[in-house]
Structure formats: C-alpha cells, structure tokens
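Chemist: make a model of this:
(one chain, ligands or ions: 1)
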Amino acid sequence: MDMLLNPLNRRHRLRHDIPVLPGAFPLVGHLPAMVYDLPRLLQCAERTLGSHFWLDFGPAGHMMTCLDPDAFALLRHKDVSSELMEEIAPELFGGTLVAQDGIAHRQARDAIKAAFLPKGLTQAGIGDLFAPVIQAQVQAWRELGEITILRETGDLMLKLIFSLIGIPAHDLPGWRRKYRQLLQLIVAPPIDLPGLPLRRGRAARDWIDAQLRQFVHDARAYAARTGLINDMVSAFDRSDDALTDDVLVANIRLLLLGGHETTASTMAWMVIELARQPVLWDALVEEAQRVGAVPTRYADLARYPVAEALFRETLRMHPAVTLLPRRALQDLQLGQRRIPAGTDLCIPLLHFSTSALLHEVPDQFRLERWLQRTEPIRSVDMLQFGTGPHVCIGYHLVWLELVQFCIALALTMQKAGVRPRLLNDIEKGRRYYPTAHPSMKIRIGFS
Ligand code: HEM
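Modeler: Have a look, this model is predicted:
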C-alpha cells in the first residue's frame with residue numbers, strides 16, 4: 001500500500017535550514033502516515049532528506065526529528081523541556097508529572113516512584129496480587145480455545161492496573177466504561193457538544209477524578225486501601241512542600257493511562273511472536289517447566305532469563321511508545337546542526353529501537369542478543385522506556401508482570417498439551433501513533 005501522504009504537496013521547503021518532509025495534508029499534516037506506517041515514513045525521510053527533517057504533527061505543529069542516535073541524549077539534556085506534552089494533550093496530561101520539568105516534576109515523581117521500585121513492589125505484595133489474576137485469564141483463554149489477542153490483553157491489563165490502584169472487583173464494569181470514554185480524549189476533535197467524544201471524555205475524567213479523590217480521602221482517614229495508593233498518599237503528605245490533592249489525583253490518573261495501553265500492546269506482541277516462532281515457545285516452556293511456578297517477587301526474576309529476553313526483544317521489535325515530543329529551551333547543537341531555542345523536537349524511539357547502528361541484524365527477533373550478553377543493561381538497551389528524568393516509572397512493574405504473564409501462559413498451555421497459533425496476517429491493521437499496537441483483529445488459537 002502507498003503511504004498516506006498528500007500527492008499535491010511535493011514542494012521542498014526549509015525551516016531553519018532543515019528540510020520539511022513533503023506530503024503533509026492540510027490540518028492533519030503527516031499524522032495519517034505516522035499512525036499507519038511510521039517505519040516507512042521515517043525510512044523515506046532519511047533516504048530523501050538525511051538525518052534531520054521536520055515532521056508535521058497537524059494541530060501540534062512541526063517537530064524537528066533527528067534520526068542520529070545522539071538525539072536520544074536530548075532526553076537527559078537540562079535545556080530540553082517536556083511542556084509540549086501538555087500542549088499536545090491538555091485534557092489528559094495537564095497537571096501531570098509527564099508534562100512538567102525541574103522541581104515541580106521532581107517533587108511529584110519522588111512521591112510516586114518509591115512504590116514502583118523493586119522494594120516498593122515487593123513490600124506492597126504486587127506480584128502476589130497479580131499472579132492469580134493473570135492465571136485466571138490465561139486459563140479462560142485455554143477454555144475458549146481461540147481469542148482476539150489485543151482485546152484480551154487490554155482486558156487483563158485493566159484488571160491488573162485496577163487491582164494495583166485498589167479498585168474493588170465489583171466496581172470494575174463501571175470503571176471500565178468510564179476509562180474507555182476517558183481514552184477518547186486522545187483523539188477527540190475540539191468540539192464541545194453533548195454526545196461528542198470531548199464532552200463524554202471530560203465527564204469520564206471528572207468521574208474518575210472524583211473516585212480517586214475519595215480513595216485518597218479514605219487512605220488518609222482509615223488507611224483502608226490496599227494497593228499502592230496508601231504508599232503514594234503518605235509519600236505525598238511527607239513531601240517538603242505538601243503537594244495538593246489535585247496533583248496527586250492527576251498523577252494517579254496518569255498511572256492508569258501510562259500502564260494500560262503500552263503493556264497490553266507489548267503483551268499482545270509477545271503472544272504473537274510466541275505463536276509465529278515455535279522455537280521461542282519451546283524455549284519458554286522449557287524454562288517455565290524447569291522452574292515450575294509463576295514468579296511473585298521481583299527477586300525471583302533472575303531465574304527466568306528466557307522470559308526476560310522475550311520481554312526485552314518484544315519491546316525492542318515493537319516499542320509501544322514510538323515518538324517523544326520535547327521543546328528546546330536554549331539553542332542546542334545536534335550533530336552538525338544548530339537548533340534554535342523554542343524548537344519543538346521529536347525523539348523517534350521506534351527508529352533507535354530498530355536501528356542497525358545500535359543492534360546487530362536489527363530486523364531479526366533474536367533472544368540470543370539478551371541471553372548471551374555479559375554486560376549489564378544500559379539505558380540505550382531499554383530506550384523503549386525513555387531515559388533521563390522522565391524515564392518510565394513502570395519499568396520494573398512491566399518486567400515483573402510480563403514475565404509472570406508469559407510463564408503462566410507457558411505452564412497453562414503446556415499442561416493442556418496445546419500451544420499458541422497465529423490465525424491471521426499480522427501486517428494489516430498495525431498502528432504506530434500515538435501509541436503502537438498490533439491489529440485489533442489478530443486472533444490466536446490454542447491447539
Ligand atoms: C511496556 C510498557 C511501557 C512502556 C513501553 C512505557 C514507556 C514509557 C516512556 C517511553 C516514558 C517516557 C515519557 C517521556 O520521556 O516523556 C514513560 C513514562 C512514564 N510511564 Fe511508562 N511505559 C510502560 C508502562 C508503564 C506502567 C506499567 C506504568 C505505571 C503503572 C507507567 C507509568 C509511567 C509514568 C508515570 C511515566 C512518566 C514519568 C515521568 O514523566 O517522570 N508506564 N513510559
């Protein structure tokens with residue numbers, strides 16, 4: 001299929017001496033090609049324009065995109081800001097730490113991050129909380145015999161993330177409905193009328209915030225909630241400049257958002273890769289049987305090198321977050337180019353994750369690149385989680401839950417004498433932006 005570029009826009013233009021990629025449509029710019037075919041779009045831009053070019057993000061404006069791996073270090077640069085995040089998605093990210101810089105960011109992050117480090121996860125018993133939920137879902141797949149994978153992993157992730165926050169199981173259907181409406185804010189056109197996505201999404205966000213406010217209140221009043229909310233509330237209350245409940249609530253909502261689609265997509269890709277490569281499945285089953293149980297503590301993970309390699313290689317080949325927006329606060333030097341203060345930047349994680357400059361035979365799914373390595377994991381090896389002050393808070397949690405997931409899958413299916421099988425084409429229906437995921441239609445059989 002041809003890329004979704006505007007055939008009437010062929011003019012070559014420069015901004016600040018850097019070429020603008022032709023093919024943008026009015027209003028939506030290059031967004032259609034980014035959503036449906038980002039890898040080919042980046043390759044085409046590199047081939048025709050070189051390593052620095054402007055992409056048109058439609059309503060969010062132009063962003064200078066640099067394919068040189070040095071651009072990854074911009075995420076750690078003191079003169080590069082995350083404020084653009086809030087301008088792109090004010091309804092979702094306004095007031096959250098992902099869109100803040102400096103002290104405001106550090107304060108909010110410090111109050112949350114301890115709960116997500118290995119010690120915090122172990123103390124809160126998160127692995128014990130997750131294991132039965134994962135096992136029940138995988139068992140249900142076995143009984144169904146055939147599933148639509150992304151729908152199922154999305155459902156499982158909602159259950160996990162809600163249990164993490166401490167939402168009681170009987171409240172789940174209501175939450176699920178509101179959560180889906182909240183997600184509409186990502187794509188809602190800016191028209192605020194009854195029945196339209198913006199109005200519904202805002203109403204859902206207000207509902208969710210009101211519930212979270214009540215959780216925070218209960219955590220303070222009775223120390224009644226399980227899950228991470230108690231830990232976060234106490235950390236917020238202990239912080240030097242007491243942070244308001246609005247900040248706390250907005251950031252708990254961010255955790256719900258940040259932890260769901262990304263992990264559901266990675267989990268779905270994991271199953272797809274296991275289904276299409278029998279040797280991967282055999283290696284995983286062998287490891288699962290040798291250890292014989294689903295891990296529940298972070299410290300157990302060292303016993304599952306194959307599952308860890310599967311987690312890392314799946315993310316490398318299919319990073320869920322493909323592009324990160326930033327803004328230069330001062331003039332910057334990037335390779336041979338000077339980038340003026342105020343320039344909006346795009347850091348293409350997808351490109352680095354599959355770049356031949358960083359990985360041998362990058363197009364091949366190879367567990368060996370992780371199993372045979374002797375050096376520790378560097379930030380460039382986990383670039384799918386970003387780096388620097390905003391590096392993903394959920395990294396250790398994702399590692400734990402994805403290893404739990406694939407080991408539970410292997411043990412359950414092996415016991416029943418079946419293995420996953422891919423039932424349709426994986427290329428059609430993939431999406432790459434705002435987050436990447438496999439087609440909603442991919443079906444997996446267990447036989
Ligand atoms: C495979 C799963 C995941 C991927 C690929 C992923 C990726 C990322 C990336 C690339 C960033 C950096 C954003 C930036 O620099 O602007 C990020 C930040 C963040 N992630 Fe994740 N994430 C995942 C799962 C999770 C989970 C499970 C949670 C929590 C439950 C989470 C919570 C967050 C939060 C709160 C931030 C903002 C941190 C900050 O701005 O300081 N993520 N994530």
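Chemist: next one: the closest residue to residue 390 other than its chain neighbours relative to residue 299, how far apart?
Modeler: When the adjacent residues along the chain are set aside, residue 390 lies closest to residue 82, with 6.1 Å between them (CB to CB, 6 or more residues apart in numbering). Quick note: C-beta positions are derived from backbone N, CA and C, even for glycine. Going from residue 82 to residue 299 by CB to CB, to the nearest Å gives 33 Å.
Chemist: name the residue of this structure that lies nearest to the ligand.
Modeler: In the chain, the residue that lies nearest the ligand is residue 394 (2.2 Å; CB to the nearest ligand atom).
Chemist: residues in contact with that residue?
Modeler: 116, 255, 258, 259, 262, 263, 385 (CB atoms under 8 Å, 6 or more residues apart in numbering).
Chemist: how about residue 310?
Modeler: So residue 310 contacts 270, 273, 274, 280, 284, 367, 406 (CB under 8 Å, 6+ apart).
Chemist: near the ligand, which residues of this protein are found?
Modeler: The chain comes close to the ligand at residues 75, 82, 97-98, 109, 254-255, 258-259, 262-263, 266, 320-321, 324, 384-386, 390, 392-394, 397-398, as judged by CB under 6 Å from any ligand atom.
Chemist: where does pLDDT dip in this structure?
Modeler: 1, 223-227, 240-242 (pLDDT under 70).
Chemist: mind redoing it with 50?
Modeler: In the predicted model, the chain carries no residue with pLDDT under 50.
Chemist: can I take it that residue 55 is in a strand?
Modeler: Yes - assessed with DSSP: H, G, I helix; E, B strand; the rest coil, residue 55 lies in a strand.
Chemist: how many residues are close by it?
Modeler: Residue 55: 23 surrounding residues under other CB atoms under 10 Å.
Chemist: residue contacts, it?
Modeler: Contacts of residue 55 by CB under 8 Å, 6+ apart are 21, 29, 30, 34, 41, 45, 62, 63, 65, 346.
Chemist: now for residue 151, how many residues are close by?
Modeler: 15.
Chemist: tell me which element it is part of?
Modeler: helix 149-165 (DSSP states H and E).
Chemist: swap in residue 234?
Modeler: Going by DSSP H and E, residue 234 is in helix 229-238.
Chemist: the residue nearest the centre of the chain: what secondary structure?
Modeler: The centre of the chain sits closest to residue 262, judged by CA atoms, centre = their mean, with a distance of 3.1 Å. Following three-state DSSP, we place residue 262 in the helix state.
Chemist: and it, how far from residue 427?
Modeler: 21 Å.
Chemist: who's residue 65 bridged to?
Modeler: residue 53, residue 346 (DSSP bridges).
Chemist: quick one: the helices in the stretch 251-400 of the chain?
Modeler: Remark: helices assigned in the stretch 251-400 of the chain by DSSP state H, counting those that start in this stretch are 261-276, 278-291, 305-317, 349-353, 368-371, 395-415.
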